[in-house]
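Asker: heads up, no residue letters with this:
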Ligand code: ADP
């Protein structure tokens, strides 16, 4: 039987910001993220965590090595192809939600599908389904300003899920939330992971980090995998 390729495969991938002075944000590293992994990424501020996530998310381009996403070598792709690949396979969740304030929850999620060539009725149905999935069916018509931090993050997660990605990339998803709400958001991410979604989470919080099935630590641009305690 032919084994499916890793969702993400980094081979000697490094990133140097040109400067001046040049910054070695990520020293060449190897990493295979397999389907169903829940990887947490820790490290001090400035260590290179976001740089790694931006590379995996095709928001930035490595300056060395090769990156295969679902077996597709991204190195030779044009920007428009990278954008299409990103839209097809990757969902993003950020610390500060990035919701549009004058759009309600349903519209915020629906907008993520605008470039996918789906009809409006289908977009609305998919967005509704995604909001149900994150437990927000009762808040679909609410505007972000009337939602709690945890609810806003749930809308943002629904927006990330609505395109049915293989991989969810989260940059400090619980960084703006109190402990109890953070825990419920983490439980949601774990539930999504258990249903087959591959998840990578950057976190400052060691309690969050320990919930990963794999833990990656980055220090001064050097990534290494830590054994679970
Ligand atoms: P972290 O997410 O761990 O806080 P980053 O990946 O944001 O770290 O940054 C890693 C290093 O790269 C830092 O030294 C940072 O100053 C530098 N850096 C980040 N973005 C840029 C950029 N656009 N240009 C130059 N240097 C950058």
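Answerer: Okay, I see it. Note that the structure is a prediction, hence the values are computed from the model and not measured.
Asker: helices and strands of the protein: which one bottoms out on pLDDT?
Answerer: helix 206-209 (a mean of 88; mean pLDDT, DSSP states H and E).
Asker: list the buried residues in that helix.
Answerer: 208, 209 (16 or more other C-beta atoms under 10 Å). Glycine gets a C-beta too; all of them are placed from N, C-alpha and C.
Asker: figure out how far whichever helix or strand comes after that helix is from the centre of its chain.
Answerer: Next along the chain after helix 206-209, taking DSSP states H and E as the criterion, comes strand 214-219. Distance of strand 214-219 from the chain centroid (C-alpha atoms, centre = their mean, to the nearest Å) equals 16 Å.
Asker: phi, psi of the nearest residue to residue 218 once chain neighbours are set aside?
Answerer: Residue nearest to residue 218 in three dimensions, not counting chain neighbours: residue 43, with 3.8 Å by C-beta to C-beta, 6 or more residues apart in numbering. Per-residue torsions, residue 43: phi 150, psi 160 (degrees, to the nearest 10).
Asker: then residue 159?
Answerer: phi -60, psi -40.
Asker: quick one: it and residue 107 touch, right?
Answerer: No - using C-beta atoms under 8 Å, residue 159 is not in contact with residue 107; the gap is 10.3 Å.
Asker: compare those two (neighbour count), which wins?
Answerer: residue 159 (27 against 16; other C-beta atoms under 10 Å).
Asker: where's that one relative to the ligand, distance?
Answerer: 22 Å (C-beta to the nearest ligand atom, to the nearest Å).
Asker: for that residue, which residues are in contact?
Answerer: By C-beta atoms under 8 Å, 6 or more residues apart in numbering, residue 159 lies in contact with 91, 99, 108, 109, 111, 112, 130.
Asker: quick one: which of those is nearest to the ligand?
Answerer: residue 91 (19.0 Å; C-beta to the nearest ligand atom).
Asker: the residue positioned nearest the centre of the chain in helix, strand or coil?
Answerer: Most central in the chain under C-alpha atoms, centre = their mean is residue 169, positioned 1.1 Å from the mean C-alpha point. Three-state assignment for residue 169 (DSSP: H, G, I helix; E, B strand; the rest coil): strand.
Asker: I'd assumed residue 56 was in contact with it.
Answerer: Yes - using C-beta under 8 Å, residue 169 is in contact with residue 56, at 6.2 Å.
Asker: if I look at those two, which residues touch both of them?
Answerer: By C-beta under 8 Å, 6+ apart, the residues touching both residue 169 and residue 56 are 90, 200.
Asker: buried stuff in stretch 129-145?
Answerer: Neighbour-count burial for stretch 129-145, counted by 16+ other C-beta under 10 Å, picks out 130, 131, 133, 134, 135, 136, 139, 140, 142, 143, 144.
Asker: which strands or helices does the least confident helix or strand of the chain pack on?
Answerer: Here helix 206-209 touches strand 38-42, going by 3 or more C-beta pairs under 8 Å, 6 or more residues apart in numbering; DSSP states H and E.
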